[in-house]
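Participant: okay, sequence plus prediction incoming.
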Amino acid sequence: MNGNYIQKKVSVNMITYKHESYIEQAIKGILMQQTDFDYELIIADDCSPDRTEEIVNDLIKTHSQGSKIKYFRHKKNIGMQANGIFAFNQCSGKYVALCEGDDYWTDPLKLQKQVDFLEANLDYSICYHKVQVLRNSVLEEDDITSEVSETTTIKDLAKGNYIHTCSVVFRNKLFNKLPKYFHKAPVGDYFLHMLNAKYGKIKFLNEFMSVYRLHDNSIWSSQTQLKREEIWIDFLKNIRKNFDSEVQEILNNQIKKYGGSIEKEKVFDVNQFKKILKKLLKKIRSDK
């Protein structure tokens with residue numbers, strides 16, 4: 001690092017792939033931030049085949065805050081998790097904020113509010129807020145934070161995720177320190193929140209300041225409920241070794257809960273199959 005290096009207060013981490021319809025709104029939501037500190041926007045493009053690159057480069061040239069953007073484009077597609085790790089390792093700021101290329105921020109004071117809180121409360125490692133969900137062009141209030149306390153800990157988070165990616169700001173404690181399993185994790189954001197929560201408490205701001213865009217055709221949503229639960233159990237088994245015994249026990253309870261749910265679904269599927277087979281045989285007999 002040379003003597004002229006000045007660390008940015010915040011690095012905003014944005015991964016993108018085939019987001020030509022959304023990326024401009026995502027970028028402008030970040031560049032509209034009104035802060036008394038300097039921040040940068042790291043954009044990691046996973047070799048998008050559409051106009052994503054063109055739109056980003058145009059904003060770099062024409063937007064009044066375009067110089068804040070650091071744009072990286074991979075020569076070939078490396079996958080969402082690998083791209084996420086790459087982007088994270090470009091973030092040298094004291095704090096990191098997340099916003100994927102199809103989500104967007106709505107409050108110009110979002111970063112200022114969250115950083116102010118973390119600066120004043122050193123025993124907290126994460127600050128997040130309420131999020132609206134955009135589903136089929138309709139904005140809805142998301143309910144995952146409806147019963148969350150203003151202050152929580154890693155033990156609460158170990159029971160299940162309640163932090164939306166586009167709402168979070170955290171201390172940059174994991175720079176170049178992500179575990180090896182991270183690149184395989186099917187749910188990287190939850191793992192990241194859990195790792196960050198090892199360093200302090202979690203603050204919830206009861207304000208809507210961003211929008212999460214829900215795609216019904218995403219890889220995760222296209223899986224059956226049974227398959228999602230099987231993936232989740234495998235994920236929890238792989239991450240639990242990174243935490244102390246108390247947190248491991250809570251994660252084990254999650255595993256047991258989902259394991260029981262899977263067994264019930266398997267029994268339900270068998271019973272449904274028997275009912276369908278019975279109706280089919282009855283129809284065959286009646287047609288003779």
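Facilitator: Cool, got the structure.
Participant: wouldn't residue 65 be in contact with residue 34 here?
Facilitator: No - counting by CB atoms under 8 Å, residue 65 stays clear of residue 34, with 10.8 Å between them. Just so you know, the C-beta spots here come from the backbone N, C-alpha and C atoms, and that holds for glycine as well.
Participant: so for the two, which residue has more residues nearby?
Facilitator: Set side by side, residue 65 and residue 34 give different neighbour counts by other CB atoms under 10 Å, the larger being at residue 65 (16 against 10).
Participant: so what's that one up against?
Facilitator: For residue 65, the contacting residues are residue 31, by CB atoms under 8 Å, 6 or more residues apart in numbering.
Participant: 10 Å instead, please
Facilitator: When the contact criterion is CB atoms under 10 Å, 6 or more residues apart in numbering, the partners of residue 65 are 27-28, 30-33, 39, 41, 59.
Participant: same check on residue 166?
Facilitator: Residues near residue 166 by CB under 10 Å, 6+ apart: 14, 26, 29, 97-100, 102-106, 110, 128-129, 131, 189, 209-213.
Participant: try 6 Å this time
Facilitator: When contacts are counted by CB atoms under 6 Å, 6 or more residues apart in numbering, residue 166 touches 99, 103, 210, 212.
Participant: ok, now residue 242?
Facilitator: Listed by CB under 6 Å, 6+ apart, the contact partners of residue 242 are residue 179.
Participant: do you know the pLDDT at it?
Facilitator: As summarised for this prediction, residue 242 has a pLDDT of 96.
Participant: now stretch 123-132 - C-alpha only, PDB.
Facilitator: Written as PDB, here are the backbone C-alpha positions of stretch 123-132 (Å, rounded to 0.1, in the frame of the first residue of the first chain):
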ATOM      1  CA  ASP A 123     -20.000  -3.800  20.200                       C
ATOM      2  CA  TYR A 124     -22.200  -4.300  17.100                       C
ATOM      3  CA  SER A 125     -20.800  -5.900  13.900                       C
ATOM      4  CA  ILE A 126     -23.900  -5.800  11.700                       C
ATOM      5  CA  CYS A 127     -26.700  -3.200  11.000                       C
ATOM      6  CA  TYR A 128     -29.700  -4.000   8.800                       C
ATOM      7  CA  HIS A 129     -33.200  -2.800   8.100                       C
ATOM      8  CA  LYS A 130     -36.700  -3.500   6.800                       C
ATOM      9  CA  VAL A 131     -37.000  -4.400   3.100                       C
ATOM     10  CA  GLN A 132     -39.900  -4.300   0.600                       C
END
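Participant: give the buried residues for that stretch.
Facilitator: Of all the residues in stretch 123-132, those buried under the rule 16 or more other CB atoms under 10 Å are 124-132.
Participant: related to what we said a few turns ago, for the contacts of residue 166, which one is nearest residue 49?
Facilitator: Of all the contacts of residue 166, the one with the least separation from residue 49 (CB to CB) is residue 103, at 20.8 Å.
Participant: my guess is that closest one meets residue 212, correct?
Facilitator: Yes - applying CB atoms under 6 Å as the test, residue 103 and residue 212 come out as touching, 5.3 Å apart.
Participant: which of those two has more neighbours?
Facilitator: Between residue 103 and residue 212, counted using other CB under 10 Å, residue 103 has the larger neighbour count: 24 against 20.
Participant: what mean pLDDT does whichever strand or helix holds residue 236 have?
Facilitator: Secondary-structure assignment from DSSP states H and E places residue 236 in helix 225-239. Average pLDDT, helix 225-239: 87.
Participant: packing partners of that helix?
Facilitator: helix 245-287 (3 or more CB pairs under 6 Å, 6 or more residues apart in numbering; DSSP states H and E).
Participant: quick check: the gap between the most centrally placed residue in the chain and residue 53.
Facilitator: Nearest to the mean C-alpha position of the chain, counting by CA atoms, centre = their mean, stands residue 165 at 3.4 Å. From residue 165 across to residue 53, the span is 22 Å (CB to CB, to the nearest Å).
Participant: same deal with residue 156?
Facilitator: From residue 156 over to residue 53 (counting by CB to CB), the distance is 40 Å.
Participant: all good on my end, thank you.
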